[in-house]
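Peer 1: The sequence and its predicted three-dimensional model are supplied below.
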Amino acid sequence: MRRLEPYLYTLPAVLLIASILLVPLVIGLSYAFRDITLLDPRSGSFIGLEHFRDLLTDSGFWGALRNTLTWTFASVVLQVGLGLALALLLNREFPGRGLIRLGVFLPWAVPSFLCGLDWAWLFNPVIGPLPDWFHSIGLMQRPENLLSDPQHALWGPIIANVWWGIPFFAITLLAALQSIPRDIYEAAVMDGAGAWVRFRRITLPFLAPTIAITVLLRTVWIANFADLIVVMTRGGPADTTQTLASYIFTQAFQRLDFGYASAVAAALLILLLAYALCVLALRRTFAVRS
Amino acid sequence: MIPRRCLLLAAACLLLTARLYADTDLKLVEVLTSPERTETLKSLVAAFERRNPGTHVEIISLAWSTAFEKLATMVAAGDAPDVVEMPDRWVSLYADNGMLESLEPYLAGWSETRQLTPRTLEVARAVDHTAWLLPYGLYLRALFYNKVLFRRAGIAGPPATLDELRADAKRISALPGKSGYCLRGGPGGLNAWIIFGAAMVGNNVFFRPDGTSTLTDADWVRGTTWVVELYREGLAPRDSVNWGFNEVVAGFYSGTCAMMDQDPDALIAVAGRMKPEQFGIAPMPKGPAGKAFPTLGYVGWSIFRRSLYRELDWKLIQALDGPEANRIWNQRVGALPIYQSAQNDPLYSSAQFQGWFAELSDPGEVPTVMPTYLPGFAYFADSLVVRTSQQALLGQLSPAEMNRQWATYLNKARRKLASRKH
Amino acid sequence: MPPRPMHHLRNLRALGWLLHYAALGGFLLFALFPLFWLLKVSVTPNDLLFNEGVRLWPSHASLEHYVSVLRHSQFPLFFRNSLIVSGVTAVLTSLVASAAGYAFSRFTFRGKAWLVGLMLVTQMFPLVMIVAPIFRLLTPLGLTNSLTGLVVVYTAFNVPFASFLMQSFFEGIPRELEEAAWIDGATRLQGLRRIILPLTLPGLAATLGFVFTAAWSELLFALMLNSSAAVSTFPVGLLGFVSKFSVDFGQMMAAGVLALLPVCAFFLLVQRYLVQGLTAGAVKG
C-alpha cells in the first residue's frame, strides 16, 4: 500500500492528461506524416517525411523560425526581469500594498484577444495616443503605426505580451519569495549581510527552482502563443511578424492543410524539447550546488 | 371487426410517426453574423416554424472573423449543419469535396425560379455548372467617395477614369492629414487588384485558351504596378498596407481617406456614421480601353448532403429566400436583389443605391466574377495574395514578380481542377 | 562596527522608499494605462469614437454601451457560463495538481521522471493542432457543445503547470515539519492537512488565481468545441462584436470592462490568503 501511495496521488492527473492531451497529441503528430486536408475525404494517405522535406525549402518556415526566436527571447527576458523587479518591490510591507498589487496584476485578467485589440488601438495613429507620444519623444519621425512598419512591427505584439505576462512572473515569484522563511533573513541581517548579499545568497538560490520551471514553461508557452500576433498584425506586413505558432494557425485553418501544419508543429516541438532538456540540466546543477 | 393487434400496431405506428414528426430539428448556421441581422433571421425562421408545425430550427451564429475555421472544424468532425449560409469563396471547397446537395432538382420544381435574374442563376452555377447554393444577394463593387473632401480639394465630381482617380487622389493627399485612396493592403484586398488590373488590360479574362493564367501579360503587370504606385506615391495612408475590411471602412467614414471600392453591404456601416450628403457612390472608374470591371460576389444558402431532411431544408431556404423574404432580408443586408421585380423596390431608390444601378446599366461596366471555382482559391486570396501584395507595396517585390507568383499558383490550381475531372 | 549617524541612515531610507514608490508607480502606470484606455473607449459614444480618437477622455461620456451589453446582448448568459467553467476548473485543477505536486515533491518513485517529462511535452505542442482530435474524442462522449466538456479540457490543460507550481511550493517547505508530525503519531494525510496545507496557502492561492484567469480568458477551445449560445463563454461573445460590417468597439470594450470585474473580485479574495500565509510564516519563525 505504501509503495502505491505516490501513484495514487498522481493518478487523477495522469488520467486527465493521458486522455485529453496525450492521445490527441499523438493523433495530431501523426498528421505530420500524412497528407491531411481538412474536409477533403480523398486525403489522408501516408506520405512519410514529404512534409518535412518541404519544410526545409520553405522560406516562410525559416522566416517564422527567426521571428519566433526574437519573439520568445525578447518576451521572456523582459517578462522575467520586470516580473522579478515587481515581485521584489511588492515583497515589503507598505500602506496600500493590497490595492497596488491588485492594480499591477490586472493585465493578466484580460483575455488575449481583447489585449491584442486594445494594444492595436493604442498603436493606431488615428485612434490611439502612442504614435503621437513616440513622435514627441523622438522615437518616430511621424506619428505612424508601429504595426505597419515591416522592420519593427514585431515589437508591437512583444510589448503587448510583456504587459500581459509580467503579472504571471510577479505573482509566482512573489509567492515563492514569501515562502522563504523570515528567520534566515533575520539571521543574515544580524550577521551584517547587506541587501545585495542577502539577495544573492538567500533570495536567488531559494527562487532558483521556481524561476527555472516557470521560465521553462512560459518560454514553451510563449513560443506556442499565436493569439496576439494573429489579432494585431495577422502575421503581416508581408509575414514580418509571422511566428511558427501563427504560421501553423495559417496553414491549418486557412489552407486547411493539417498535414503540413502538423509537420511545422512537430519541428517546433523538437526545438522546444531540446530547449527544455538544456534548462533541466541547468536546474540540476543549481540544485546540486545549493 | 379489426383485430386488436392491428389496432395496437396502427396506434404504435401513429405514435411513432407523430413522435418523429414532432422531433424534426434543423440546424441552420449563419456566418456573416451581425446582431441586427440575426434578429431578422430569427423572425423569418419563426414564420417558417409556424407554417411547418413540429419543426424546430436551431440557429447557430458564427462570428465572421473565425467562421471559416469554425465551420470547417465542425463539418470535419461530423457535426455538419443542415442549411448553411455559403459565401462565394467557400462554395468550391465544400462542393468539390462532395458535401453539398445540388439544388438543380429543387430549382426545377420551384415556381419562383423564373423570377430570378439570369445573373443570379449564372453565379449560382459558377462551380461545376451546378447550383450548389441559392444566392440571396449580389455584391457589386462600386466607388465610394467622400463629397466633403472632394469639395475641399476643389474637385467637382467622382473620377470617371483611372487617370482621373489618380489625379483626384493626388489633390486630396495634398490636404494635411488626408489621403486619396483607402487601399486594402491586408486580407480581402484581392478584389481591388483585379479591378484595377483588369481595367488596365481592358478585359477580365483570367485564363488563356491553353489554361494558363493571363496575369503574367504586360498589361496586367501595368495594372498591378498602377496600384503599387498609388501606395508608394503616398496617395493611400501608410498604414493601409495592413488594412482589412474594418480598417478601410473606418478610414473612409472617419474621413482619413476619400475613396474606397466596396460592396453595397458596406453602405450600412457607412450610412450609420456619415450623413447622406457627405458621401456618394459612383461606378468604378474606367481604364484606357474605356471599360471597368467591378468584381461581383454573392452569398447564398446551401444544403449539406448529409442532412436527413433535405426536402424540409429546401422549404426553409424558400422561407428565407423567397421573393417576399428576400426583400425583408436585403433591407437588413443591403445586397443587390436576386429577383427581377425587386429593382423597383423603394429600398433601392435611394440616391446611394442609384450608384449601383447606374453601374449595372452601364455597358462599359462589366461585372466580373472571380475564379472562386478553383481549388485552394480561399488560401490564394487570404494568404498568398496578402503576403505578396504587401511585399510589393513595401517595395520588397516587383509587381512583375508578384504577378508571376500569382500566375504560378493559379496555374497549379487549374491543373488540379482539370485532373479532378478525370 | 561603529554606529552610523542617525540622519544619514534616515535619509538613505527615505531615498530608498522614494525610489520604491516611484518604481511601483511606473509599474502601475504601465499596467493600468491600457485598461484605462479600455474604459475610455467603453464610455465613448459611437460618433465620437474616430473623431476624438486621441483624446484622453471623450468630450461626451456615455454609458450607452454598457446598457446595450447588459440589456440587448447575451452577455449576462456568457458571463454566467464563464463563471461556472472557470470556477469549477480552478477548484478541480488545484485539487488534482496539489496531489500530483505533493507526490513529485515528497516521493521518489519509478516513472517519476517520465511523468514529469510527459507533462512538459504536453505543454509544448500548439493547441491549434489538437483541436480536431479532441473534438473527435469528445463527440461520442457527448461532451461537445457543453460546459462540462470545457471544464474537463481546461483542467487537463492546466494540471501540468499547476502541478509544477504546487511542487515548487511544497519543496519550499522543509520535510522536518512533516516528519515531526509523524513522530507524534499523525498519518501522512493528517500531517498534510494540519501542517503542510496551511503553509502552502500562498501557493494554492496563486494556483487558483492562475487557473481561474487562464480558463476565464481561453478562446480557441471555447470557440471550437461549443457552438450554441447557451454554452458559449464570454471570450466567444466578445468575438461576436466583430461582424463583417463593423467592429463594435464601444460595446466590446464595455463587455471587456465588465468581464474584468469577476477576475478582480477573485484576485481580491485570493490576496487575503497570501497575506494569511505570510502571517503564518511569521508566527512559525
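Peer 2: That came in fine, so what should we check first?

Peer 1: I'd like the next helix or strand past the helix or strand bottoming out on mean pLDDT in chain A.
Peer 2: The weakest-scoring helix or strand in chain A, judged by mean pLDDT, DSSP states H and E, is helix A:195-198 (a mean of 78). Remark: after helix A:195-198, the chain's next helix or strand is helix A:204-223, criterion DSSP states H and E.

Peer 1: And the strands in chain B, which stretches?
Peer 2: If DSSP state E is used as the criterion, the strands of chain B fall at B:24-30, B:55-61, B:83-87, B:134-140, B:142-146, B:179-181, B:257-262, B:279-282, B:295-303, B:368-369.

Peer 1: For those, give me CSV that also has mean pLDDT and distance to chain A.
Peer 2: Where C-beta positions appear, they are placed from N, C-alpha and C, glycine not excepted. Below are the strands of chain B laid out as CSV (pLDDT from 0 to 100; distance: least, Cβ to the nearest Cβ, whole Å):
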stretch, mean pLDDT, distance to chain A
strand B:24-30, 92, 15
strand B:55-61, 93, 18
strand B:83-87, 95, 13
strand B:134-140, 92, 21
strand B:142-146, 93, 15
strand B:179-181, 92, 11
strand B:257-262, 93, 11
strand B:279-282, 92, 18
strand B:295-303, 93, 14
strand B:368-369, 89, 22
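
Peer 1: about what we covered before: could you give the separation of the least confident helix or strand of chain A from the chain centroid?
Peer 2: 30 Å (Cα atoms, centre = their mean, to the nearest Å).

Peer 1: Check stretch B:59-71 too.
Peer 2: With Cα atoms, centre = their mean, you get 16 Å for stretch B:59-71.

Peer 1: Return the set of buried residues in the least confident helix or strand of chain A.
Peer 2: A:Arg198 (16 or more other Cβ atoms under 10 Å in any protein chain shown).

Peer 1: Stretch B:177-190 too?
Peer 2: For stretch B:177-190, by 16+ other Cβ under 10 Å, it's B:178-190.

Peer 1: pull the CA atoms of that stretch into CSV?
Peer 2: Only the C-alpha atoms of stretch B:177-190 are listed here, as CSV (Å, rounded to 0.1, in the frame of the first residue of the first chain):
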residue,chain,number,x,y,z
GLY,B,177,-3.6,64.6,-42.7
LYS,B,178,-5.7,63.2,-45.6
SER,B,179,-5.2,60.6,-48.2
GLY,B,180,-6.8,60.0,-51.5
TYR,B,181,-7.5,56.3,-51.5
CYS,B,182,-8.4,53.8,-48.8
LEU,B,183,-6.4,50.9,-50.0
ARG,B,184,-7.0,47.4,-48.6
GLY,B,185,-3.5,46.0,-48.3
GLY,B,186,-4.4,43.3,-45.9
PRO,B,187,-6.9,40.4,-46.1
GLY,B,188,-9.6,40.7,-48.7
GLY,B,189,-7.7,43.1,-50.9
LEU,B,190,-7.5,40.9,-54.0
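
Peer 1: What is the neighbour count of the closest residue to chain A within the stretch 51-200 of chain B?
Peer 2: Residue nearest to chain A within the stretch 51-200 of chain B: B:Glu69 (3.8 Å; Cβ to the nearest Cβ). As a burial measure, B:Glu69 scores 21 neighbours (other Cβ atoms under 10 Å in any protein chain shown).

Peer 1: Can you give me every residue that contacts it?
Peer 2: By Cβ atoms under 8 Å, 6 or more residues apart in numbering or on different chains, B:Glu69 lies in contact with A:Phe253, A:Gln254, C:Met224.

Peer 1: give me that answer again for 10 Å
Peer 2: A:Leu38, A:Phe249, A:Ala252, A:Phe253, A:Gln254, A:Leu256, B:Leu62, C:Val128, C:Val131, C:Leu220, C:Leu223, C:Met224 (Cβ atoms under 10 Å, 6 or more residues apart in numbering or on different chains).

Peer 1: for C:Lys112, same thing?
Peer 2: A:Pro6, A:Thr10, C:Ala103, C:Phe104.

Peer 1: ok, 8 Å please
Peer 2: A:Pro6, C:Phe104.

Peer 1: ditto for the one 10 residues further on
Peer 2: The neighbourhood of C:Thr122, defined by Cβ under 8 Å, 6+ apart, consists of A:Ile17, A:Leu21, A:Leu22, A:Leu25, C:Pro160.

Peer 1: what pLDDT does the closest residue to the last one other than its chain neighbours get?
Peer 2: In other words, C:Pro160. Nearest residue to C:Pro160, sequence neighbours excluded (Cβ to Cβ, 6 or more residues apart in numbering or on different chains): C:Met119, at 4.0 Å. Note on C:Met119: pLDDT of 86.

Peer 1: Mind listing what's buried along the helix or strand containing C:Met119?
Peer 2: For C:Met119, the element it lies in under DSSP H and E is helix C:112-122. By neighbour count on 16+ other Cβ under 10 Å, the buried set for helix C:112-122 is C:Leu115, C:Val116, C:Leu118, C:Met119, C:Leu120, C:Val121, C:Thr122.

Peer 1: Over to stretch A:136-156?
Peer 2: The neighbour-count check on stretch A:136-156 (16+ other Cβ under 10 Å) flags A:140, A:143-150, A:153-156 as buried.

Peer 1: Do you have the helices of the stretch 151-290 of chain A handy? List them.
Peer 2: Counting by DSSP state H, counting those that start in this stretch, the stretch 151-290 of chain A has helices at residues A:155-179, A:182-190, A:195-198, A:204-223, A:227-232, A:244-253, A:258-289.

Peer 1: Now tabulate those in a markdown table and tack on distance to A:Arg53.
Peer 2: Listed next are those as a markdown table, based on distance: least, Cβ to Cβ, whole Å:
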| stretch | distance to A:Arg53 |
| --- | --- |
| helix A:155-179 | 31 |
| helix A:182-190 | 57 |
| helix A:195-198 | 54 |
| helix A:204-223 | 23 |
| helix A:227-232 | 27 |
| helix A:244-253 | 16 |
| helix A:258-289 | 9 |
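
Peer 1: quick one: which of these is nearest chain B?
Peer 2: Short answer: helix A:244-253, nearest of these by Cβ to the nearest Cβ, at 3.8 Å.

Peer 1: What helices and strands are in contact with the closest one?
Peer 2: Judged by 3 or more Cβ pairs under 8 Å, 6 or more residues apart in numbering or on different chains; DSSP states H and E, the packing partners of helix A:244-253 are helix A:59-90, helix A:227-232, helix A:258-289, helix B:64-76.

Peer 1: Spell out which residues of chain B are next to chain A.
Peer 2: Within chain B, the residues that sit near chain A (Cβ under 8 Å from any Cβ of the partner chain) are B:68-69, B:72-73, B:75-76, B:93-94, B:97-99, B:185-187, B:238-239, B:241-242, B:244, B:251, B:254, B:256, B:376, B:378-379, B:382-383, B:386-387, B:390-391, B:394, B:396.

Peer 1: give me every residue that touches the residue lying closest to A:Pro111 once chain neighbours are set aside.
Peer 2: Excluding the flanking residues, the one nearest A:Pro111 by Cβ to Cβ, 6+ apart is C:Ser217, at 3.6 Å. Neighbouring residues of C:Ser217 by Cβ under 8 Å, 6+ apart: A:Ala109, A:Val110, A:Pro111, A:Ser112, C:Pro235.

Peer 1: does chain C sit close to stretch A:149-168?
Peer 2: Yes. Judged by Cβ under 8 Å from any Cβ, stretch A:149-168 and chain C are in contact via A:Trp163, A:Ile166, A:Pro167, A:Phe168.

Peer 1: Mind picking the two most distant members of these?
Peer 2: Pairwise distances among those were taken by Cβ to Cβ; the largest, 11.3 Å, belongs to A:Trp163 and A:Phe168.

Peer 1: Can you check the pLDDT for the residue nearest to A:Pro111?
Peer 2: Per-residue confidence (pLDDT) for C:Ser217: 86.

Peer 1: now do B:Ala289
Peer 2: 91.

Peer 1: what about it, distance to chain A?
Peer 2: Counting by Cβ to the nearest Cβ, to the nearest Å, the separation of B:Ala289 from chain A is 32 Å.
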